[in-house]
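Asker: Following is a predicted model, sequence given first.
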Amino acid sequence: MEKRRVVITGIGVVAPNGTGVENFWDSLVHGRSAVRRITHFDASSYLCQVAAEVPDFEPTDYMDPKTAKRLARFAQFALAASKMAVEDSGIDLRSIDLHRAGVIIEQG
């Protein structure tokens, strides 16, 4: 069996308790919960009206408005986190073999 190396070079996070590695980590370290009343839609007809929403996410900070409009919110999160991970890595995508690179999206 051939051994292949995998290297994690960058991280991107879109989470209810922080977007971006620094914000997310700071919330974890300080024990800040993101669970609160739902504000993203009218939840008055639901038994449960609390959730962990991603409150301050602006998709156009990570993609053009046309792309943002076409994508579901979860896909916007994935694209934004992927972009953050690539930027965090410092890799120049023009200088590598793109067939040997990838972004892994992990749902926590």
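Answerer: Okay, I see it.
Asker: OK, contacts around the most far-flung residue of the chain relative to its centre?
Answerer: Distance from the C-alpha centroid of the chain, by CA atoms, centre = their mean, peaks at residue 1 (34.1 Å). Applying CB atoms under 8 Å, 6 or more residues apart in numbering, we find residue 1 in contact with no residue. For the C-beta atoms, the positions are set from N, CA and C on the backbone; glycine is no exception.
Asker: So what's the predicted local confidence for it?
Answerer: At residue 1, the predicted lDDT confidence score is 77.
Asker: Distance-wise, check it relative to residue 97.
Answerer: Distance, residue 1 to residue 97, by CB to CB, to the nearest Å: 23 Å.
Asker: swap in residue 64?
Answerer: 26 Å.
Asker: Look at those two and report which has more neighbours.
Answerer: Legend: neighbour count by other CB atoms under 10 Å for residue 64 and residue 97, higher for residue 64 (9 against 6).
Asker: contacting residues for that one?
Answerer: Taking CB under 8 Å, 6+ apart, one finds nothing in contact with residue 64.
Asker: Just the pLDDT for it.
Answerer: 96.
Asker: where does residue 98 land on pLDDT?
Answerer: 88.
Asker: I'd like the numbering to begin with 224 instead of 1 from here.
Answerer: Sounds good: first residue 224 from here, last item residue 321.
Asker: Dihedrals phi and psi, it?
Answerer: Per-residue torsions, residue 321: phi -60, psi -20 (degrees, to the nearest 10).
Asker: what about it, neighbour count?
Answerer: 8.
Asker: List the contacts of residue 243.
Answerer: Taking CB under 8 Å, 6+ apart, one finds 235-236, 307 in contact with residue 243.
Asker: again, only this time at 10 Å
Answerer: By CB atoms under 10 Å, 6 or more residues apart in numbering, the contact set of residue 243 is 234-237, 249, 303-304, 307, 311.
Asker: quick one: average confidence on stretch 231-246?
Answerer: In this model, stretch 231-246 carries a mean pLDDT of 92.
Asker: now do the same end-to-end measure for it.
Answerer: 20 Å (CA to CA, to the nearest Å).
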